[in-house]
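Student: no FASTA, just this:
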Ligand code: V55
Ligand code: FE
């Protein structure tokens, strides 16, 4: 099997292909709190076959799910590819059949019309099911215990009629509902969006169809007690681009950003749109209400953060404009103005924001994120990380005091996205742990680190050795043991 000799496929970023079960991982330092009983699920793109074209972007690899099972102070690991329709068809053929990211015009004739999803972006448990997600396709359902793929194109018993389902659904901790949406919901590059409410027992109870101002990557969203909030940012795409063989998305600095605010119990006629000058924002830390105001907190950059989705007018990628800092977007539902007010929340440069999910949808005090600390040395032969950014620091911001708490992982490592684990029995915000994978970029290995969530600077309380390299991933979530029992 010969993968391309390009940065996306070599060195630390070489495909892995390891499916594994390791019952006892070595604790190299510290100790795993014995009361932790649950699983940290996460997913990474990991191409099964060399791409049809000469190279491919990291976003297009086949989803490989890792489960870290915590119990009685032991951590066990399982890792399995998601058996998407794409994965199964290509395995039968013994080669790649699907071409470029979100471009079916580049696919083999034998797979025209097939679901192209890779399930490589997020994994979470809801209503006893493990959802593996890619925003261009329906959810894939896996067994939370065995990681066996149970349904490669789940449609909630026929209730989901959209072609797509977001990779960033949210769980409202007060109702147990899963809130989600689909974009390009009636077909590739369409402006059709659907919003879904899914009950705690996994049934679609509400759906609202509407159109966004222009077709773009709708990667994430926010919710509050009464609203769902959708940001429209000009990472745009079109059939013209696909026909021309361009990347699906490009960044169009000529377009404004919009914020759509939809009442959770409302209809399409109730959505209100706000606007602001162009900028870049992808992941959402949290949203909350304060009287008639809706606050929406995002890492925000001046310009494009995705060099692989280049400027639509050909402007060169500007790394300093890709530096994102946590910013609060505020709209007032009682005002006549359609403006979005934007104000900085913290100075750390980075992405992958997380919260104590017990505070999703309400005002949170703490945020955790990956940080790119440019003042620290980097000592790598290639000098890069998978995203092109060197996420060398784990950070916590305190929105009450403005203080930050950071941990630098060293000159030869980087971090993957963290997740918050509540301390069993606790209710106070931040009372718990942060779990995070460390990429050891010189020796091509990985470690799992556990921090006291409120004392990052003190360093990890447990360092867990992993017997092989874990690929750079996207997102993951903690599920307490009882949550995965259907
Ligand atoms: C992202 C990741 C994706 C994707 C769209 O912003 C957006 C992250 C791993 O795939 O398809
Ligand atoms: Fe994401």
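Tutor: Thanks, I have the structure now. Quantities reported herein were computed from a predicted structural model and do not represent experimental measurements. Ligands and ions are numbered 1, 2, ... in the order given.
Student: what ranges do the helices span in this protein?
Tutor: 85-93, 239-243 (DSSP state H).
Student: Tell me which of these sits nearest to ligand 1.
Tutor: Taking C-beta to the nearest ligand atom, helix 85-93 is the member of the helices of the chain nearest to ligand 1, at 13.2 Å. All C-beta spots, glycine's among them, are computed from the backbone N, C-alpha and C.
Student: Now do the buried residues in the closest one.
Tutor: 85, 86, 87, 89, 90 (16 or more other C-beta atoms under 10 Å).
Student: Apart from its neighbours in sequence, what residue is nearest the residue of the chain found nearest ligand 1?
Tutor: Nearest residue of the chain to ligand 1, counting by C-beta to the nearest ligand atom: residue 59, 3.8 Å away. Excluding the flanking residues, the one nearest residue 59 by C-beta to C-beta, 6 or more residues apart in numbering is residue 101, at 5.7 Å.
Student: Quick one, grab the pLDDT at the residue of the chain closest to ligand 1.
Tutor: Predicted confidence (pLDDT) for residue 59: 98.
Student: again with residue 203
Tutor: 98.
Student: how many other residues sit next to it?
Tutor: Using other C-beta atoms under 10 Å, residue 203 has 12 other residues around it.
Student: Packing partners of the longest strand belonging to the chain?
Tutor: Ranked by number of residues, the top strand in the chain under DSSP state E is strand 341-354. Using 3 or more C-beta pairs under 8 Å, 6 or more residues apart in numbering; DSSP states H and E, the elements in contact with strand 341-354 are strand 293-301, strand 325-332, strand 366-371, strand 393-398, strand 404-408.
Student: who does residue 300 bridge with?
Tutor: residue 281, residue 325 (DSSP bridges).
Student: who in the stretch 351-486 of the chain is up against ligand 1?
Tutor: Residues of the stretch 351-486 of the chain lying close to ligand 1 by C-beta under 6 Å from any ligand atom are residue 474.
Student: What ranges does the stretch 351-486 of the chain have for its strands?
Tutor: Along the stretch 351-486 of the chain, counting by DSSP state E, counting those that start in this stretch, strands occupy 366-371, 393-398, 404-408, 413-415, 419-422, 432-440, 445-452, 462-465, 476-480.
Student: Kindly report the same for the stretch 201-350 of the chain.
Tutor: 204-211, 222-223, 227-232, 235-237, 249-251, 257-263, 272-276, 280-281, 286-290, 293-301, 325-332, 341-354.
Student: quick revisit: dump the helices and strands packed on strand 341-354 into JSON lines; add distance to residue 25 as well.
Tutor: Formatted as JSON lines, the helices and strands packed on strand 341-354 follow (distance: least, C-beta to C-beta, whole Å):
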{"stretch": "strand 293-301", "distance to residue 25": "31"}
{"stretch": "strand 325-332", "distance to residue 25": "33"}
{"stretch": "strand 366-371", "distance to residue 25": "23"}
{"stretch": "strand 393-398", "distance to residue 25": "20"}
{"stretch": "strand 404-408", "distance to residue 25": "21"}
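Student: could you dump these to a markdown table with mean pLDDT and mean neighbour count?
Tutor: A markdown table is the format used below for those (pLDDT from 0 to 100; neighbours: other C-beta atoms under 10 Å):
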| stretch | mean pLDDT | mean neighbour count |
| --- | --- | --- |
| strand 293-301 | 98 | 23 |
| strand 325-332 | 98 | 20 |
| strand 366-371 | 98 | 25 |
| strand 393-398 | 98 | 24 |
| strand 404-408 | 98 | 18 |
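Student: returning to what we had before: of the strands of the stretch 201-350 of the chain, which stretch is the most buried?
Tutor: When those are scored by mean count of other C-beta atoms under 10 Å, the highest mean neighbour count falls to strand 222-223 (a mean of 26).
Student: dump the residue contacts of residue 431.
Tutor: Listed by C-beta atoms under 8 Å, 6 or more residues apart in numbering, the contact set of residue 431 reads 356, 422, 423, 453, 454.
Student: Do you know the pLDDT at it?
Tutor: Looking at residue 431, its pLDDT is 98.
Student: Measure how buried the closest residue to residue 277 other than its chain neighbours is and give me the count.
Tutor: Nearest residue to residue 277, sequence neighbours excluded (C-beta to C-beta, 6+ apart): residue 256, at 6.0 Å. As a burial measure, residue 256 scores 15 neighbours (other C-beta under 10 Å).
Student: And residue 256, what's its pLDDT?
Tutor: At residue 256, the pLDDT value in this model is 98.
Student: quick one on the thing from earlier: closest to residue 114 out of the strands of the stretch 201-350 of the chain?
Tutor: strand 235-237 (20.1 Å; C-beta to C-beta).
Student: per-residue confidence averaged over the closest one?
Tutor: In this model, strand 235-237 has a mean pLDDT of 98.
Student: One more: stretch 174-182?
Tutor: Throughout stretch 174-182, pLDDT has a mean value of 98.
Student: May I have the distance across that stretch, first residue to last?
Tutor: End-to-end distance for stretch 174-182: 23 Å, by C-alpha to C-alpha, to the nearest Å.
Student: close to ligand 1, is that stretch?
Tutor: No - using C-beta under 6 Å from any ligand atom, stretch 174-182 never reaches ligand 1; the gap is at least 13.3 Å.
Student: List the buried residues for that stretch?
Tutor: Quick answer for stretch 174-182 (16+ other C-beta under 10 Å): 177, 178, 179, 180, 181, 182.
Student: which residues of this structure score low on pLDDT?
Tutor: Along the chain, the parts satisfying pLDDT under 70 run over 382-389, 484-486.
Student: repeat that with 90
Tutor: Per-residue confidence for the chain (pLDDT under 90) gives these ranges: 1, 53-54, 379-390, 482-486.
Student: so how far is residue 191 from the residue of it most remote from its centre?
Tutor: Relative to the centre of the chain, the most outlying C-alpha is that of residue 336, 34.0 Å out, by C-alpha atoms, centre = their mean. Plainly put, residue 336 is 26 Å away from residue 191 if you go by C-beta to C-beta, to the nearest Å.
Student: re the thing from before, of all pairs in the buried residues of stretch 174-182, which one is the farthest apart?
Tutor: Of all pairs in those, the most separated under C-beta to C-beta is 177 and 182 at 16.6 Å.
Student: Give me the distance between the nearest residue to residue 349 once chain neighbours are set aside and residue 85.
Tutor: Among residues not flanking residue 349 along the chain, residue 323 sits closest, at 4.6 Å (C-beta to C-beta, 6+ apart). Look at residue 323 and residue 85: by C-beta to C-beta, they are 38 Å apart.
Student: do residue 43 as well
Tutor: 17 Å.
Student: Ok, residue 19 next?
Tutor: Distance from residue 19 to residue 85, counting by C-beta to C-beta: 19 Å.
Student: Please apply the same query to residue 453.
Tutor: 38 Å.
Student: repeat for residue 404
Tutor: Residue 404 sits 44 Å away from residue 85, taking C-beta to C-beta as the criterion.
Student: need the contact list for residue 467.
Tutor: The neighbourhood of residue 467, defined by C-beta under 8 Å, 6+ apart, consists of 20, 22, 25.
Student: Now the phi/psi pair for it, please.
Tutor: Per-residue torsions, residue 467: phi -80, psi 0 (degrees, to the nearest 10).
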